[in-house]
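Participant: below: sequence and its predicted model.
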Amino acid sequence: MVHATAFLLVLSLAVVAPVLSTRKCVLTGRWTNDLGSNMTIMAVNAKGEFLGSYHTAVTVTGNDIKVSPLQGSQHRTNENSQATFGFTVNWSFSDSVTVFTGQCFVDETGKEVLKTMWLLRSHVDSIKDDWTATRVGVNVFTRLRSKKE
Ligand SMILES: *[C@@H]1O[C@H](CO)[C@@H](O)[C@H](O)[C@H]1NC(C)=O
Ligand SMILES: *[C@@H]1O[C@H](CO)[C@@H](O)[C@H](O)[C@H]1NC(C)=O
């Protein structure tokens with residue numbers, strides 16, 4: 001009986017595991033991150049280019065936050081279809097630019113997750129202040145599913 005259960009468990013893992021590992025991570029859609037910022041990525045074209053919009057929840061400026069455009073590239077998908085990508089956010093409410101790089105993963109529960117790092121370049125008035133102009137960080141994005149859209 002114990003052996004039969006163990007055998008069934010092994011069998012079911014063998015059936016389920018390949019399904020999870022072959023599931024594709026797709027960039028297109030709505031995403032939210034650990035800071036509560038949201039972004040929408042539109043269709044990725046055949047060259048891997050995409051456009052989208054970024055609604056940040058946080059800002060280092062005192063300005064009112066506005067939805068800002070983003071544009072990026074996805075590398076051709078590898079054999080696991082967990083593509084690398086990068087995009088630039090052109091902030092529409094400040095004199096700053098952020099670049100993100102990341103990879104689109106399917107985690108062990110089958111959930112898509114974007115693991116990213118970013119550099120935020122803020123405008124400074126003089127070359128003497130250049131040293132203070134760049135911030136670096138990490139963001140993790142998951143799919144945004146909301147009832148009201
Ligand atoms: C992100 O989306 C969620 C769900 O729709 C919403 O509650 C939240 O206010 C949004 N955040 C921003 C910064 O727009
Ligand atoms: C970048 O943002 C500025 C300010 O909102 C805008 O004038 C410009 O057209 C934007 N460029 C792109 C490529 O989105």
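Facilitator: Done, it's in. Ligands and ions are numbered 1, 2, ... in the order given.

Participant: which parts of the chain are helices?
Facilitator: When assigned using DSSP state H, the helices of the chain occupy the ranges 2-22.

Participant: close to ligand 2: what parts of the chain are there?
Facilitator: Applying C-beta under 6 Å from any ligand atom, we find that the chain lies next to ligand 2 at P69, N90, S92. C-betas here are computed from N, CA, C, even on glycine.

Participant: looking at those, which is nearest V99?
Facilitator: Relative to V99, the closest of the residues of the chain next to ligand 2 is N90; by C-beta to C-beta it sits at 10.4 Å.

Participant: surely the closest one meets L70?
Facilitator: Yes: judged on C-beta atoms under 8 Å, N90 makes contact with L70 at a distance of 7.3 Å.

Participant: more neighbours: which of the two?
Facilitator: Remark: of N90 and L70, L70 carries more neighbours, 21 against 12, as counted by other C-beta atoms under 10 Å.

Participant: touching, the more buried one and M39? I think so.
Facilitator: Yes: checked against C-beta under 8 Å, the pair L70 and M39 is within contact range at 6.7 Å.

Participant: quick check: neighbours shared by the two?
Facilitator: Here L70 and M39 share the contacting residues G52, S53, Y54, scored by C-beta atoms under 8 Å, 6 or more residues apart in numbering.

Participant: count the neighbours of Q74 for me.
Facilitator: Neighbouring residues of Q74 were enumerated by other C-beta under 10 Å; the total is 21.

Participant: report the beta-bridge partner residues of it.
Facilitator: Under DSSP bridges, the beta-bridge partners of Q74 are F85.

Participant: quick one: V67 from M42, how far?
Facilitator: Noted for V67: a distance of 14 Å to M42, by C-beta to C-beta, to the nearest Å.

Participant: and if you look at T132?
Facilitator: Separation of T132 from M42 (C-beta to C-beta) stands at 34 Å.

Participant: compare those two (neighbour count), which wins?
Facilitator: Neighbours around T132 and M42, counted as other C-beta under 10 Å, are more numerous at M42. The numbers are 14 against 9.
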